[in-house]
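1. below is the structure, and that's it, no one-letter string:
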């Protein structure tokens, strides 16, 4: 009990000291402890438009804009409405650099890479809030009391595991180097990686004094556990802190701006590209001031993109942008869809993740390929569910050629289609909303508050097109549904579980659709033809670039970011939609290279 009390007392002390400093020493537009959600009932749980909203269909409500989506962006923007045209490309304008708490994926990756453990304690943390579709927005990275308690418990468990690895972590053996000398080395070595920069003299002194005091009372082993637990609860670990002390030189041509510091750039690079802490090579480059030029930063970015963590990062972005979370909430009518079961649902999500990873890193690697690829990844069970010849793999997901007239790219993955459907029928509204919102960055306005938005009930005697026809004919509904239904009806060859069908209600499927208020307007028939149109759209390309900005920088853009956004959109277009080149481009903007001084 005394040991636990000591942990708690130190954790509270470091939290108080660290967060008190955050108000004056770090720039933050949100996300600090005690932020907008701290201590509120249900803090950390999903709200409207977030993952976890229900067990049936997409997490996106097609009749109400997702939380934080702006309540209806002007159609045709290809991005958030806050940023307009770039008026002076020569001016340095980085926008805000908010204080960012590690999200749960970043936390798990960081402790694993720091301590060499396989633990994933963040799986037990409250669900992350999502804003603009992503779970890493700084304005929502508050820390509720529950989360702080879970951080403490995780720190204790992780420190216990870490204490068993002192020779590996500290680079010394207490039995030969001496306990105190090894503890000092542990503090220096682990501290530098945990805080993503060398410890200050004050930080080293404080941790050293804590170790000495703890050892006198509890002995060496407990003291090393306690000091590691302290570091894992420190705001310097839990937050990506950028202070006056870590800033780079002032920008002479732009008063009030500084270059991001060397270790700040190392941290920005690693979390942007790998969702984890800087590796030793990146920290060493920062220590040698080798993150000073765009060329040096780009070289490190390309190196990091070769690491396994980079693959997970790209999958994470696409799974959030394209709402793969809906696949984990599938509830389908067992009578209508007897071949659908939890195993199939799990395989659908695995297929989507593998499709993204392999297409980006082992395939063409472009946005166009993601939209039009002619192959996916299945085992025998999933292929049989699709109605495709089994590839001869009982377990592993292997490449499978898709029927070219029926499927192409991410939009025809069964899991994505099932996730944007009802329990009994496909939903042209939800599917059309998804394309309009996710791929064109256009959010149709919400329905009138007094409007009945009940989904037409399933009727086996009618086709889906017939059941949903009232949306277009009713003048109260038509203004919004004309933006969604004509797109969603192009997916009519896929039922509520994403299986291809040639007929519905005894009649041939009518999969005619139409795009309007885009740069690729016009009719199309079927999702394959739609995917081809989307792959040629500059608006879709620009929307993807804007979404990468939101994910990479943990915030939405403002007018100060107009030139950075323009730079990213142009880079994405000129690289033919290369995902890898877009990630490198994200390290070359003013938003990455500079920040405001304090």
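-> Arrived safely, thanks for sending. None of these values were measured; they are calculated from a predicted model.
2. name the residues of stretch 521-539 that are buried.
-> 524, 526-535, 537, 539 (16 or more other C-beta atoms under 10 Å). To be clear about C-beta, it is placed using only N, CA and C from the backbone, and glycine gets the same treatment.
3. contacts for it, please.
-> Residues outside stretch 521-539 that contact it (C-beta atoms under 8 Å, 6 or more residues apart in numbering): 76, 78, 367-368, 371-372, 404-409, 411-412, 435, 439-441, 487, 490-491, 493-494, 511-515, 518-520, 540, 573.
4. what about 6 Å?
-> Stretch 521-539 is touched from outside by 78, 368, 371-372, 408-409, 411-412, 440, 490-491, 511-515, 518-520, 540, with contacts defined as C-beta atoms under 6 Å, 6 or more residues apart in numbering.
5. what is the mean pLDDT for it?
-> Stretch 521-539 carries an average pLDDT of 98.
6. what's the end-to-end length of it?
-> 11 Å (C-alpha to C-alpha, to the nearest Å).
7. so of the contacts of stretch 521-539, which ones are in strands?
-> Judged by DSSP state E, strands contain the following of the contacts of stretch 521-539: 512, 513, 514, 515.
8. most neighbours among those residues, please name it.
-> Neighbour counts for these (other C-beta atoms under 10 Å) peak at residue 513, which has 26 neighbours.
9. skipping its backbone neighbours, what lies nearest it in space?
-> Excluding the flanking residues, the one nearest residue 513 by C-beta to C-beta, 6 or more residues apart in numbering is residue 490, at 2.8 Å.
10. so what does residue 597 look like in phi/psi?
-> Note on residue 597: its backbone torsions stand at phi -80, psi 180 [degrees, to the nearest 10].
11. wait, it touches residue 261, no?
-> No - using C-beta atoms under 6 Å as the test, residue 597 is too far from residue 261 to be in contact (11.5 Å).
12. so between the two, which is more surrounded?
-> Using other C-beta under 10 Å, the more surrounded residue of residue 597 and residue 261 is residue 261, with 22 against 13.
13. just the pLDDT for that one.
-> Reported pLDDT for residue 261: 98.
14. run a quick neighbour tally on residue 401.
-> 12.
15. so what sits opposite it in the bridge?
-> Beta-bridge partners for residue 401, by DSSP bridges, are residue 375.
16. ditto for residue 513
-> Legend: beta-bridge partners of residue 513 under DSSP bridges are residue 524.
17. which ones are touching it?
-> Shown in contact with residue 513 (C-beta under 6 Å, 6+ apart): 486, 487, 489, 490, 524.
18. need phi/psi at residue 507.
-> According to degrees, to the nearest 10, residue 507 has phi -130, psi 150.
19. to clarify, my last question referred to residue 495.
-> The phi/psi pair for residue 495 (degrees, to the nearest 10) reads phi -80, psi -170.
20. what's the local residue count around the residue lying closest to it once chain neighbours are set aside?
-> Excluding its sequence neighbours, the residue lying closest to residue 495 (C-beta to C-beta, 6+ apart) is residue 501, at 5.4 Å. Residue 501: 13 surrounding residues under other C-beta under 10 Å.
21. cool, residue 506 as well?
-> Residue 506, neighbours per other C-beta under 10 Å, totals 8.
22. again, but for the one 5 residues further on
-> A count of neighbours around residue 511, defined by other C-beta under 10 Å, yields 19.
23. for it, which residues are in contact?
-> 490, 492, 493, 525, 526.
24. low-confidence ranges, this protein, go.
-> In the predicted model, the chain carries pLDDT under 70 at residues 1-83, 447-454, 470-480.
25. just the buried ones from the contacts of stretch 521-539?
-> 78, 368, 371-372, 408-409, 411-412, 440, 490-491, 511, 513-515, 518-520, 540.
26. before we move on, which element is the most centrally placed residue in the chain in?
-> The structure's the chain has its C-alpha centroid closest to residue 317; by C-alpha atoms, centre = their mean the separation is 4.3 Å. Secondary structure from DSSP states H and E places residue 317 in helix 308-321.
27. give the other helices and strands that that helix contacts.
-> With contacts taken as 3 or more C-beta pairs under 6 Å, 6 or more residues apart in numbering; DSSP states H and E, helix 308-321 sits against helix 262-274, helix 342-361.
28. tell me the angle of it relative to helix 262-274?
-> Our comparison of helix 308-321 with helix 262-274, counting by axes from the mean of the first three to the mean of the last three C-alpha atoms, to 10 degrees, yields an angle of 70 degrees.
29. which residues sit against helix 308-321?
-> With contacts defined as C-beta under 6 Å, 6+ apart, helix 308-321 is touched by 133-134, 273-276, 353, 356-357, 360-361, 547, 551.
30. JSON lines for the helices and strands packed on helix 308-321, including distance to residue 149 and mean neighbour count?
-> Conversion of the helices and strands packed on helix 308-321 to JSON lines gives the following (distance: least, C-beta to C-beta, whole Å; neighbours: other C-beta atoms under 10 Å):
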{"stretch": "helix 262-274", "distance to residue 149": "25", "mean neighbour count": "24"}
{"stretch": "helix 342-361", "distance to residue 149": "30", "mean neighbour count": "20"}
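31. put together TSV for the ones you listed, with distance to residue 161 on each row.
-> Formatted as TSV, the helices and strands packed on helix 308-321 follow (distance: least, C-beta to C-beta, whole Å):
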stretch	distance to residue 161
helix 262-274	22
helix 342-361	28
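32. cool, thanks, signing off.
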